[in-house]
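K.L.:
Would you be able to build a 3D model of this:
(one chain, ligands or ions: 2)
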Amino acid sequence: MVETRLIDGKAFAETMRARLKDEVAAFVAATGVTPGLAVVLVGEDPASAVYVRNKGKQTAEAGMTSIEHKLPADTAQDDVLALVRALNADPAVHGILVQLPLPAHIDAQAVLATIDPAKDVDGFHVVNAGRLAVGLDALAPCTPLGCVMLLKDTLGSLAGLEAVVVGRSNIVGKPLAQLLLREDCTVTIAHSRTRDLPGVCRRADILIGAVGRPEMIRGDWIKPGATVIDVGINRVAGADGKNRLVGDVAFNEAQGIAGAITPVPGGVGPMTIACLLANTLTAARRQVG
Ligand SMILES: NC(=O)C1=CN([C@@H]2O[C@H](COP(=O)(O)OP(=O)(O)OC[C@H]3O[C@@H](n4cnc5c(N)ncnc54)[C@H](OP(=O)(O)O)[C@@H]3O)[C@@H](O)[C@H]2O)C=CC1
Ligand SMILES: Nc1nc(=O)c2c([nH]1)NC[C@@H]1CN(c3ccc(C(=O)N[C@@H](CCC(=O)O)C(=O)O)cc3)C=[N+]21
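P.N.:
Ligands and ions are numbered 1, 2, ... in the order given. Modelled structure (predicted):
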């Protein structure tokens with residue numbers, strides 16, 4: 001049995017936001033420009049609405065401008081594209097985030113491709129994904145960036161460690177694998193067609209759950225002492241009938257096995273928003289500088 005450390009993403013993100021607030025103030029003093037983040041939300045998805053609200057609040061607290069565009073669920077794709085083009089051309093907007101998923105009648109790739117890569121603070125544009133893949137300076141996706149920051153804070157150097165990323169989405173799994181490769185990890189990406197997923201997970205010094213299936217990764221899939229990062233945000237009915245959030249990892253089973261683990265909530269989620277604010281300041285510096 002090991003003593004499992006809790007990786008406090010909420011506290012780490014708070015420290016990061018406090019530092020960012022000072023950096024934003026210095027940037028505003030030096031340039032006279034306030035970094036602006038535009039968030040585009042199409043439709044009324046209640047979970048998305050909560051994220052957008054949190055982002056807006058924390059953006060303002062960091063001293064940046066938050067510009068929200070809420071469009072009805074039946075908005076035509078051309079109207080979304082026209083809004084993105086207007087935001088691309090707006091000098092007060094340094095970062096653009098189009099909340100995903102978009103309604104089914106809208107081609108998300110077409111929308112992402114329209115965002116100016118210099119303003120793509122989500123790092124979802126193919127130009128930024130490509131730059132990340134070939135090792136050039138890129139705006140990298142916020143959730144993967146947050147995961148790597150927590151890992152480096154917990155472990156120091158990640159060089160040579162076996163990392164297993166469960167999930168291969170364009171927004172989490174794939175870019176996270178790229179960032180871990182950049183840290184000299186030996187990276188395995190697992191997915192729904194992986195054979196012997198428990199066995200693959202047991203190889204990991206660093207195990208990442210980015211699947212979207214409540215508590216799918218069991219305690220006995222974890223190598224003793226491994227560092228576990230739980231990206232999953234799943235809403236499930238609790239014993240009291242109320243909804244609660246759980247991750248992709250069976251958190252209680254991991255106790256005494258994992259060396260360290262992120263909780264849900266309070267782990268990766270707050271880091272995503274802090275990294276979004278950091279990317280917005282980076283984008284503003286490059287556009288103004
Ligand atoms: N904390 C945060 O800030 C964020 C959290 N999230 C959360 O992270 C989770 C993942 O999100 P996202 O990447 O967008 O999800 P996607 O649904 O886009 O991708 C899920 C991935 O998991 C894989 N998968 C599904 N079922 C299994 C299975 N039984 N065994 C192995 N692999 C499986 C899929 O494989 P395949 O490709 O073969 O279908 C796919 O690659 C969600 O819970 C989401 O809410 C997302 C973004 C930010
Ligand atoms: N273009 C785009 N970019 C995204 O980054 C993006 C997106 N679309 N669509 C949805 C997912 C999900 N996501 C989260 C961000 C913060 C928390 C977060 O702050 N979670 C807190 C609180 C959770 C709560 O209590 O509801 C926590 O885990 O502690 C969660 C999830 C960003 N996403």
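K.L.:
end-to-end on stretch 182-192?
P.N.:
Start and end residues of stretch 182-192 are separated by 25 Å (C-alpha to C-alpha, to the nearest Å).
K.L.:
How far off centre is it?
P.N.:
The chain centre lies 17 Å from the centre of stretch 182-192; the measure is C-alpha atoms, centre = their mean, to the nearest Å.
K.L.:
buried residues in that stretch?
P.N.:
For stretch 182-192, the neighbour count (16 or more other C-beta atoms under 10 Å) marks 183, 185, 186, 187, 188, 189, 190 as buried. Glycine gets a C-beta too; all of them are placed from N, C-alpha and C.
K.L.:
ditto for stretch 224-241
P.N.:
Buried, per 16+ other C-beta under 10 Å, within stretch 224-241: 226, 227, 228, 229, 230, 231, 232, 233, 234.
K.L.:
and what of stretch 123-134?
P.N.:
123, 124, 125, 127, 128, 129, 131, 132.
K.L.:
In helices, which of those fall?
P.N.:
Residues of the buried residues of stretch 123-134 located in helices (DSSP state H): 127, 128, 129, 131, 132.
K.L.:
out of these, who's nearest ligand 1?
P.N.:
residue 129 (14.1 Å; C-beta to the nearest ligand atom).
K.L.:
That closest one and residue 137, how far apart?
P.N.:
As judged by C-beta to C-beta, to the nearest Å, residue 129 and residue 137 stand 13 Å apart.
K.L.:
cool, residue 80 as well?
P.N.:
Residue 80 sits 29 Å away from residue 137, going by C-beta to C-beta.
K.L.:
Could you do residue 20 as well?
P.N.:
Noted for residue 20: a distance of 19 Å to residue 137, by C-beta to C-beta.
K.L.:
what do you get for residue 17?
P.N.:
Residue 17 sits 23 Å away from residue 137, going by C-beta to C-beta.
K.L.:
Enumerate the positions of stretch 80-93 that are buried.
P.N.:
Applying a neighbour-count criterion of 16+ other C-beta under 10 Å, one finds 80, 81, 83, 84, 87, 88, 93 buried in stretch 80-93.
K.L.:
Contacts for it, please.
P.N.:
34, 36-38, 40, 42, 65, 67, 69, 71, 96, 98, 102, 106, 110-111, 114-116, 119 (C-beta atoms under 8 Å, 6 or more residues apart in numbering).
K.L.:
still on that earlier bit, so which of the ones in helices among the buried residues of stretch 123-134 would count as near ligand 2 as well?
P.N.:
Near ligand 2, taking C-beta under 6 Å from any ligand atom as the test, no member of those is found.
K.L.:
Mind checking if the host helix or strand of residue 236 is in reach of ligand 2?
P.N.:
Taking DSSP states H and E as the criterion, residue 236 maps to strand 234-237. No: on the criterion C-beta under 6 Å from any ligand atom, strand 234-237 is out of touch with ligand 2, staying 8.5 Å away.
K.L.:
For that strand, list the C-alpha coordinates in CSV.
P.N.:
Listed next in CSV are the C-alpha coordinates belonging to strand 234-237 (Å, rounded to 0.1, in the frame of the first residue of the first chain):
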residue,chain,number,x,y,z
ASN,A,234,-19.3,12.7,-16.1
ARG,A,235,-22.6,13.6,-14.5
VAL,A,236,-24.2,10.6,-12.7
ALA,A,237,-27.1,10.2,-10.3
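K.L.:
coming back round to it: of residue 20 and residue 137, give the one with the bigger neighbour count.
P.N.:
Using other C-beta atoms under 10 Å, the more surrounded residue of residue 20 and residue 137 is residue 20, with 22 against 10.
K.L.:
So what's the gap between the helix or strand where that one lies and the chain middle?
P.N.:
Using DSSP H and E, residue 20 falls within helix 9-31. Averaging C-alpha positions (C-alpha atoms, centre = their mean) puts helix 9-31 18 Å from its chain's average.
K.L.:
For that helix, which helices and strands make contact with it?
P.N.:
Contact partners of helix 9-31 among helices and strands, from 3 or more C-beta pairs under 8 Å, 6 or more residues apart in numbering; DSSP states H and E: helix 46-61, helix 142-155, helix 268-288.
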